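# Next comes the sequence, and after it the predicted model I'd like to discuss.
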Amino acid sequence: MKRVARSISLTIVCLILGTMLSWQYKSISSSKASTAIQNERLEDVRSQLIEERKINEGLRNRNEELQAQLSEYKEAIDDIEKLEQTIIREKERAELIAGLVDVKGAGVVVTIDGDVSVWARRPGGLIDLINELKAAEAQAISIQDERIVAMTEIKIIDISEIHNVNKWIINGRNFSPPFTIKAIGDPDKLDNSLHMIGGILEVLRRSGYRISVEKKDEIIIPAVRDDGSVLKYNLLKPVEE
């Protein structure tokens, strides 16, 4: 009888211990899951905070730049020669931003090629590369020495695997692969953006494209042709205040 009672007691103790261990395991698992979720949320918040700081820093720098220009204009009002110099500098700056002058600087040179079947299956590879370079803050870009500006068109006009034809139009001119892309900007930032894990190069190479990237200390990118074929503004009128 005592053995039976002892066995029952032992069984009850084992059940209690098993239940307690089960609860503790669930509690630990739940805690780990909760911690993982919290860490993920913290990482998202951290990324957003870094991005906001970058935007704020950019706005602050632009505000300081505009304030400096305003002060310069105020000082130049009574000095015709200084005012002329200020206007000339602003004109040169506007031409630089609009792509109307040749520019040089450090950056990367990207070459992209592939069989016609690759271009036919995934024709957006070239544009995807350009967009990635823009996102990485390239300040000037060219394809086959054609300056890429806001009004640049990049599109396939004829592609055929049967006839091995792959023709593109860029800034009103016809081209065929391989394409050489030049981008001026921070070389390391541009290179890292292209080579990130799961990034554009990995995706395009998996699709069959052949791509090479080379960092350069100096790249020269020509001005956009202002012959009316690229920059068209005959229908535009300024808004009068």
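Perfect, thanks for sending it.
# So Ile219 lies in a strand, does it not?
Yes - under DSSP: H, G, I helix; E, B strand; the rest coil, Ile219 falls within a strand.
# That one - how many residues pack around it?
Residues lying near Ile219 (other C-beta atoms under 10 Å) number 20. Where you see a C-beta, it was placed from the backbone N, CA and C, and this is true even at glycine.
# what's the pLDDT at the closest residue to it other than its chain neighbours?
Nearest residue to Ile219 in three dimensions, chain neighbours excluded: Gly107, at 4.7 Å (C-beta to C-beta, 6 or more residues apart in numbering). pLDDT, the model's per-residue confidence, is 98 for Gly107.
# Tell me the spacing between Gly107 and Ile130.
Applying C-beta to C-beta, to the nearest Å, the value for Gly107 to Ile130 is 14 Å.
# the more surrounded of the two?
Neighbours were counted for Gly107 and for Ile130 using other C-beta under 10 Å; Gly107 has more, 27 against 20.
# which residues does that one form a beta bridge with?
Ile184, Lys216 (DSSP bridges).
# ok, it to Leu133 distance?
Applying C-beta to C-beta to Gly107 and Leu133 gives a distance of 9 Å.
# overlap in contacts of those two?
Shared contacts of Gly107 and Leu133, defined by C-beta atoms under 8 Å, 6 or more residues apart in numbering, comprise Ala183, Gly185, Leu190.
# that older thread, find the residues that touch each one of Gly107 and Ile130.
Counting by C-beta under 8 Å, 6+ apart, no residue touches both Gly107 and Ile130.
# Now stretch 230-241: buried residues?
Val230, Leu231 (16 or more other C-beta atoms under 10 Å).
# Measure how far it is from the centre of its chain, please.
Its chain's average C-alpha position is 29 Å from that of stretch 230-241, according to C-alpha atoms, centre = their mean, to the nearest Å.
# was I right about Gly107 contacting Pro187?
Yes - assessed by C-beta atoms under 8 Å, Gly107 is found in contact with Pro187 at 5.8 Å.
# Now for the two: what residues contact both?
The contact sets of Gly107 and Pro187 overlap at Lys215, Lys216 (C-beta under 8 Å, 6+ apart).
# care to break this protein down by domain?
Under automatic domain parsing, the residue ranges defining each domain of the chain are 57-96, 105-221.
# residue contacts, the residue nearest the centre of the chain?
Geometric centre of the chain, nearest residue: Ala135, 2.1 Å, by C-alpha atoms, centre = their mean. By C-beta under 8 Å, 6+ apart, the contact set of Ala135 is Ser193.
# now swap in the one 5 residues further on and tell me
Taking C-beta under 8 Å, 6+ apart as the contact definition, Ala140 lies against Gly99, Val103, Gly105, Arg147, Ala183, Ile184, Gly185, Ile221.
# Pull the contacting residues for the last one.
Pointing back at Ile221 there. Contacts of Ile221 were listed using C-beta under 8 Å, 6+ apart, and they are Asp102, Val103, Lys104, Ala140, Ile141, Ser142, Asp145, Arg147, Lys182, Ile184.
# any idea how far it is from Arg205?
Distance from Ile221 to Arg205, counting by C-beta to C-beta: 25 Å.
# Let me know the closest of the shared contacts of Gly107 and Leu133 to Ser176.
Ala183 (21.0 Å; C-beta to C-beta).
# With adjacent residues omitted, what lies nearest to that closest one?
Ala138 (4.0 Å).
# Angles on the backbone of the one you found, please.
Main-chain torsions, Ala138, degrees, to the nearest 10: phi -60, psi 140.
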